[in-house]
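> Sequence first, predicted model second:
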Amino acid sequence: MRLSRFFMPVLKETPAEAEIVSHRLMLRAGMIRQQSAGIYAWLPLGHRVLQKIAAIVREEQDRAGAIELLMPTIQSADLWRESGRYDAYGPEMLRFEDRHEREMLYGPTNEEMITEIFRASVKSYRDLPLNLYHIQWKFRDERRPRFGVMRGREFLMKDAYSFDLDETGARDAYRKMFIAYMRTFQRLGLRAVPMRADTGPIGGDLSHEFIVLAPTGESAVFYDAAYEEADWAGADVSFENTEAGRAGRERAVGDFLRHYAATEEMHDAARFEAEAPPARRRQGRGIEVGHIFYFGEKYSRPMRASVAGPDGTDRPVHMGSYGIGVSRLVAAIIEASHDEAGVIWPRSVAPFGVGLANLKQGDAQTDAACETAYAALVKCGLDPLYDDTDARPGAKFAAMDLIGVPHQLIVGPKGLARGVVELKDRRSGEKAELSLESALAKLSA
RNA sequence: CGGAGUGUAGCUCAGCCUGGUAGAGCACCACGUUCGGGACGUGGGGGUCGUAGGUUCGAAUCCUGCCACUCCGACCA
């Protein structure tokens, strides 16, 4: 992408409303624009990151055996009356009427709808286990939206729903999602710690929150350092529906959960000292980015979602639901990875792979070198952002640091006179001078 | 929902107290000089002063209602 043809309205000054660093940086980098309290437009740069995160979430859901579909944002009140939640949910749910005075709502979650879809078609235990998910916008009319997309009213959520014949199956479905979540957060460059959680309005008796460790997080957390070390992306955990697969998942999750982790509200100092050796005790701050629930027959029973078991009799399915705040993750990643100059994106979600700065646009030799570099970077799939504007070098450097792409390739006449360009690593800040050829070779390696 | 506060140009803000018909910096446009860490000069464009009403010869400024947004508390991906 050429910056001259892109839409990236960066701001030199910080809009007054932004309190936390991710909100400030997202506004300054031109990633989002507020349209209403807790409601944001995603500008091209922010949209790119959102899509990259969604893609990783999708890949890991697919890997774990979940199947993607897409449900509407607008739902009928009748559906929610079946589960009893239409009256139970409260003013967080946005309700309205269509022209025929039918009561509608903007979905805050989709348990009812997915249960309706399931019961219409699935009649036999032979079709289980089943896990259906979508990535869709939600609306919850928060009492107090704040911190930009960290707690917006409209937000993008991945929500998955599992269906099993019995509790044993449902617990395995729960573990699959648990592992998928750990893999997902690791691929996003985040350290996430699972913590036992209340089930809240979704209900059920088994639930974990996934808390991303970030110094500016909202809640204090206490945890065992074992959670920093596990390698889930490389772990040999199978998602096969075999006895060996199930046993492996049970072992892996059980192993992992034997360590101590608690949010401040649920922290037990005595247990912490008993269960975690001093060298592994960690105290930090965190942001909730995922929440998983097993709630059995809470919806299947009132909504009559049942299947025939091996004995031919019908029984309500056991369900669980699994959410990841995709739009919140954009802010969480920034909270976890930034410096004074701007965002430092993990490579996996960076809006561009490399920034290419032309320090003297209009200079024939510099332009030619940049065009060569740009073509090469595009060709090897690095998705470069080429700053081909006539802005001053200082402004270009500041903007590149702000948007935080992993590498910067800096090309100017002074360097070219000596046969070199500059290659800067955004995270370490290290700069190297080398020939254009070797810089390109290094980037594409 | 309780408490506090703010609405003036795309952004940051001054002007309001003490009414006299709207300003600065940044951003934007033109020209020139510049150009390796957010340049400078000259000229220019852009504002229903949140909104409705009231007071007044005259309201951004004083009064009232409404709306929007922000912050602090109790809840959440």
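The structure has been received and is ready for your questions.
> Could you list the contact residues of the stretch 1-150 of chain A toward RNA strand B?
Proximity of the stretch 1-150 of chain A to RNA strand B, by Cβ under 7 Å from any atom of the strand, involves residues A:10-17, A:19, A:28, A:34, A:36-38, A:140, A:142-147, A:149-150. Heads up, the C-betas are built off the backbone N, CA and C, glycines and all.
> Could you turn the buried ones of these into a PyMOL selection?
To isolate the buried members of these in PyMOL, using 16 or more other Cβ atoms under 10 Å:
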select buried, chain A and resi 10+28+34+38+140+145+147+149+150
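> in chain A, which strand has the most residues?
strand A:281-296 (DSSP state E).
> Which neighbouring elements make contact with it?
Packed against strand A:281-296 by the contact rule (3 or more Cβ pairs under 8 Å, 6 or more residues apart in numbering; DSSP states H and E) you find helix A:167-187, strand A:192-196, strand A:206-213, strand A:219-224, strand A:318-325, helix A:326-336.
> Cross the residues of the stretch 1-150 of chain A next to RNA strand B against strands and list the overlap.
A:Q34, A:S36.
> From the residues of the stretch 1-150 of chain A next to RNA strand B, which land in helices?
When these are checked against helices (DSSP state H), the matches are A:R28.
> Would you mind writing the CA trace of the longest strand of chain A as PDB?
Extracted as PDB, the C-alpha positions of strand A:281-296 are listed here (Å, rounded to 0.1, in the frame of the first residue of the first chain):
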ATOM      1  CA  ARG A 281       4.700 -16.100  42.400                       C
ATOM      2  CA  ARG A 282       3.700 -13.300  40.100                       C
ATOM      3  CA  GLN A 283       1.500 -10.300  40.700                       C
ATOM      4  CA  GLY A 284       0.300  -8.200  37.700                       C
ATOM      5  CA  ARG A 285      -2.600  -6.600  36.000                       C
ATOM      6  CA  GLY A 286      -4.900  -8.000  33.500                       C
ATOM      7  CA  ILE A 287      -7.600  -7.600  30.900                       C
ATOM      8  CA  GLU A 288     -10.400 -10.100  30.400                       C
ATOM      9  CA  VAL A 289     -10.400 -11.100  26.700                       C
ATOM     10  CA  GLY A 290     -12.200 -14.500  26.800                       C
ATOM     11  CA  HIS A 291     -14.700 -16.300  28.900                       C
ATOM     12  CA  ILE A 292     -15.900 -19.900  28.600                       C
ATOM     13  CA  PHE A 293     -18.900 -21.600  30.200                       C
ATOM     14  CA  TYR A 294     -20.300 -25.000  30.700                       C
ATOM     15  CA  PHE A 295     -24.000 -24.700  31.500                       C
ATOM     16  CA  GLY A 296     -25.500 -28.100  30.800                       C
END
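> Could you please name the strands the strand or helix carrying A:A432 pairs with and the direction of each pair?
Assigned by DSSP states H and E, A:A432 belongs to strand A:431-434. Here strand A:431-434 is paired, per DSSP bridges, with strand A:421-425 (antiparallel).
> Mind listing residues that contact the strand it pairs with?
Residues outside strand A:421-425 that contact it (Cβ atoms under 8 Å, 6 or more residues apart in numbering): A:369, A:373, A:406-412, A:415, A:430-436, A:439, A:442-443.
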